[in-house]
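A.B. asks: any chance you could fold what I've pasted below:
(one chain, ligands or ions: 2)
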Amino acid sequence: MLYRACKIERSAMPRIVTATKDTIRDAAALLKAGEIVVLPTETVYGLGADARDDDAVLKIFRAKNRPNFNPLIVHVSNKQQAATYVEMNEVASRLTDKFWPGPLTLILPLKNGAGISQHVTAGLNTLAVRVPAHKIMRQLMFEADMPIAAPSANNSGEPSATTPAHAAKSLGEAAPFILAAGACDVGLESTILDLTGDMPTILRPGATTLEDLEPYLENVTYDIAPKDKEKVKSPGQLLKHYAPSIPVRLNAVDVEEGEALLAFGSIKFMGIKTGGHAKDMNIDSFRNLSEEADLEAAAKNLFMMLRDLDQPNHKGIAVMNIPEAGIGIAINERLERASKS
Ligand code: AMP
Ligand code: MG
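C.D. replies: Ligands and ions are numbered 1, 2, ... in the order given. As a prediction, this is how the structure comes out:
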């Protein structure tokens with residue numbers, strides 16, 4: 001099996017491999033051999049490696065061109081496995097019972113001698129952990145039997161990859177093996193909740209919302225405003241992120257000449273500044289996150305559609321207003337950073 005997997009690894013171009021029992025084993029064999037693999041999760045595609053292996057983890061940073069001060073999330077199979085790497089307190093235990101498996105990452109104190117590569121934590125004494133819900137990812141974790149460090153499967157700073165094709169396009173030869181399982185259900189990265197400070201703090205909003213957490217957690221607050229480099233606690237808070245290669249203009253009420261449109265809801269009254277209606281725009285220049293104004297559907301489509309519209313013939317992407325409620329908060333946080341220059 002290892003031989004089969006290594007043969008795949010040697011090919012120069014990214015290989016998109018449909019997830020089956022056999023190819024999941026191939027992916028696990030590659031991880032065990034210290035290689036990196038693109039893997040499906042319910043949030044976004046991840047670029048995974050054995051979190052205990054320094055060399056393997058460094059391959060992730062190189063493939064993504066990710067700054068080495070930006071720590072990675074470690075994916076584990078269950079709460080018991082998480083507890084071998086981090087100090088679980090009562091609050092963490094309650095939250096994991098309720099929200100794992102699922103799109104909630106907890107930051108907890110790293111256990112002494114946990115064996116996690118220091119490159120994963122960027123030298124911090126805390127660790128970000130999560131139990132993913134995706135069926136294929138869960139089978140892969142079972143086969144690989146290791147903690148898997150995995151950031152999003154795209155070049156650092158770009159919109160996250162939510163389809164195998166987008167991971168391949170973004171990473172190119174840097175990702176030789178892509179375990180493909182269609183588009184990700186959630187489409188946005190996990191909620192990150194820091195439980196190591198005085199108050200539980202959401203560092204990144206996601207599908208697990210503040211309202212979801214509140215019944216299980218007192219005094220939870222946000223610390224998600226984009227910050228300048230000097231002021232970041234977590235590198236994910238950096239000002240510019242998730243950004244296409246062309247400008248993104250938010251809260252658009254009309255379309256400027258040469259712009260593509262990322263719509264949300266009805267575009268009946270949306271016009272083009274130089275004349276005409278948005279509804280008559282060319283299909284290559286127009287996407288609707290959700291015609292029914294469904295925020296969950298919009299989250300699922302966001303990165304996929306931003307990437308679709310990121311074409312050199314567009315001078316930018318105009319994005320309609322998204323309501324600041326539920327997962328809309330996470331969508332707006334991503335868009336806010338995507339729009340920074
Ligand atoms: P990504 O891998 O792109 O989904 O990003 C992971 C996010 O988790 C980044 O924003 C990191 O800064 C954040 N993160 C990971 N580990 C920690 C940690 N120990 N403390 C604070 N933030 C963390
Ligand atoms: Mg990322």
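A.B. asks: what segments of the stretch 1-150 of the chain are strands?
C.D. replies: All strands of the stretch 1-150 of the chain, identified by DSSP state E, counting those that start in this stretch, fall at 15-18, 37-39, 46-50, 73-75, 104-109, 126-130, 148-149.
A.B. asks: and the ones you listed as TSV, adding distance to ligand 2 and mean neighbour count?
C.D. replies: (Glycine included, C-beta is placed from N, CA and C.) Conversion of these to TSV gives the following (distance: least, Cβ to the ion, whole Å; neighbours: other Cβ atoms under 10 Å):
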stretch	distance to ligand 2	mean neighbour count
strand 15-18	20	16
strand 37-39	13	30
strand 46-50	9	28
strand 73-75	9	28
strand 104-109	12	23
strand 126-130	12	25
strand 148-149	13	28
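A.B. asks: redo those as TSV? Include mean pLDDT and distance to ligand 1.
C.D. replies: As requested, the strands of the stretch 1-150 of the chain are arranged in TSV below (pLDDT from 0 to 100; distance: least, Cβ to the nearest ligand atom, whole Å):
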stretch	mean pLDDT	distance to ligand 1
strand 15-18	96	21
strand 37-39	98	13
strand 46-50	98	8
strand 73-75	98	5
strand 104-109	98	5
strand 126-130	97	3
strand 148-149	98	9
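A.B. asks: how about the residues of the stretch 201-341 of the chain near ligand 2?
C.D. replies: Of all the residues in the stretch 201-341 of the chain, not one is in contact range of ligand 2 (Cβ under 5 Å from the ion).
A.B. asks: any weak-confidence spans in the stretch 201-341 of the chain?
C.D. replies: Along the stretch 201-341 of the chain, the parts satisfying pLDDT under 70 run over 226-238.
A.B. asks: so which residue of the chain comes closest to ligand 2?
C.D. replies: For the chain, the residue positioned closest to ligand 2 under Cβ to the ion is Ser152, at a distance of 3.4 Å.
A.B. asks: tell me the contacts of that residue?
C.D. replies: When contacts are counted by Cβ atoms under 8 Å, 6 or more residues apart in numbering, Ser152 touches Val44, Tyr45, Gly46, Leu47, Ser160, Ala161, Glu189.
A.B. asks: dump the residue contacts of the fourth one.
C.D. replies: So the one you mean is Leu47. Contacts of Leu47 were listed using Cβ under 8 Å, 6+ apart, and they are 36-39, 60, 63-64, 150-153, 167, 171, 175.
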